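# here are the coordinates; sequence isn't available:
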């Protein structure tokens, strides 16, 4: 009887066909803005990036034997390193030769993740947690969520796409109206819609409400909030622009080391999943234990192969997405089948011009309203990791690791990059490495004692 009262899907459970498509669409919507933004910032082709995201996700799920419900999307950690090869982008694709060089570095960075994943499978979880304690993984998850706060608000306040200067002030005010309606409705849907299919799609419902409000304001004000021309191309069917990698040791030196820094991020995501999935299993009264946290090695191998697959066809480096984990946590929907459907639909979207244009037409204010909630949930999950692992916040060592990771990560994100002896270091990666090294120093002192 208890099973019937709890709404949600465990990794090995699947909804009916039409519900599956609906839930898959919701997962696509939450990954889409960040994945597209990485392509725009690095000069990669958007349609190729979208296709690579779907293909890498599908391969990840198959490689990890359908045990880990994660979605692979383009990673922000690699932006600075990739731009060092492709140069600054104005939102348009750069020359194929530059993309090809970056692809080579991305493919080899995947080898780092695979190598570490194979190593981790040889050691115990206890040893892994000593090197990657919850003070590091929880803090990194918190930094990831909070560092994206500026992106969420800039989506709301940005009016650069409106050509009529006389209406930009009104456009920004109405952007806030659209964003707040989207945000508040999504929050209320996730809190109060607890039964049936409606309780599983609060993000999609909030997006649709904001979208239709934007359409209505279009008709009233004449301001073009919803633009169907974005992403539109010639014809109904357009093949993504695939490119082949080209050997470049400069790209290897710039991009390959970033893979080391993304390991705490992947670890944090895995711990989050383990907590929430097993909590749902407990609520549903099942005796089955979903031992996701102990699959870190398998996860990193899948992540590395995802980078190699994406890099091989012209997509940027990526990682498993916190936004999708947030959506799963809010909706209690961890079905691997939903993610498989999402990956296949994503690949189809990259070929069909009208569908791509429809997704592109979602107003930035709607995306911003959703992002305020989703990015905040990512940060909150970092706190959950530390609470669940009973981290002692009165311990000076724990405080020093958490404090330095937070300030380096958030401070660096405010600057864009961290200038260090002529280098421009990526903030989250630098914070992660510093936290790991500081924790290792404490471990060495303990061994000496």
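Thanks, I have it. Bear in mind that the values here come from a model prediction, so they are computed numbers and not experimental data.

# excluding its backbone neighbours, what's nearest residue 408?
Using Cβ to Cβ, 6 or more residues apart in numbering and skipping the chain neighbours, the partner closest in space to residue 408 is residue 431 (4.1 Å). Yep, even glycine has a C-beta here, placed from its N, CA and C like the rest.

# So that neighbour, which state does it fall into?
Look at residue 431: counting by DSSP: H, G, I helix; E, B strand; the rest coil, its state is helix.

# can you offset everything so residue one is 484?
I'll keep to 484 as the first residue from here, and by that count the last item is residue 914.

# Let me see the contact set for it.
622, 623, 626, 887, 888, 889, 891, 892, 895 (Cβ atoms under 8 Å, 6 or more residues apart in numbering).

# how close does the residue nearest to residue 756 when sequence neighbours are not counted sit to residue 812?
Spatial nearest neighbour of residue 756, chain neighbours left out: residue 775 (5.0 Å); criterion: Cβ to Cβ, 6+ apart. Counting by Cβ to Cβ, to the nearest Å, the gap from residue 775 to residue 812 is 13 Å.

# Looking at the contacts of residue 914, which one is closest to residue 552?
Residue 552 lies nearest to residue 623 out of those, by Cβ to Cβ, at 20.2 Å.

# My read is that residue 773 contacts residue 760, right?
Yes. Assessed by Cβ atoms under 8 Å, residue 773 is found in contact with residue 760 at 4.7 Å.

# Comparing these two, which residue is more hemmed in?
The neighbour count for residue 773 versus residue 760, taken as other Cβ atoms under 10 Å, is higher for residue 760 (24 against 21).

# Report the contact partners of the spatially most central residue of the chain.
In the chain, the C-alpha nearest the mean C-alpha coordinate belongs to residue 804, at 2.7 Å (Cα atoms, centre = their mean). Residue 804 makes contact with 513, 514, 517, 553, 554, 555, 556, according to Cβ under 8 Å, 6+ apart.

# The helix or strand that contains residue 890: how far from the chain's middle?
Assigned by DSSP states H and E, residue 890 falls within helix 879-898. Computed by Cα atoms, centre = their mean, to the nearest Å, the chain-centroid distance of helix 879-898 equals 21 Å.

# The residue nearest to residue 756: how many residues sit nearby?
For residue 775, the neighbour count with other Cβ under 10 Å is 25.

# Distance of it relative to residue 811?
In terms of Cβ to Cβ, residue 775 sits 12 Å off from residue 811.

# which residues do these two both contact?
residue 756.

# residue ranges of the helices in the stretch 534-683 of the chain, please?
562-569, 579-603, 608-614, 617-630, 632-640, 651-675 (DSSP state H, counting those that start in this stretch).

# Could you list every helix and strand that the second one packs against?
Packing contacts for helix 579-603, counted by 3 or more Cβ pairs under 8 Å, 6 or more residues apart in numbering; DSSP states H and E, involve helix 562-569, helix 732-738, helix 741-744, helix 746-766, helix 779-796.
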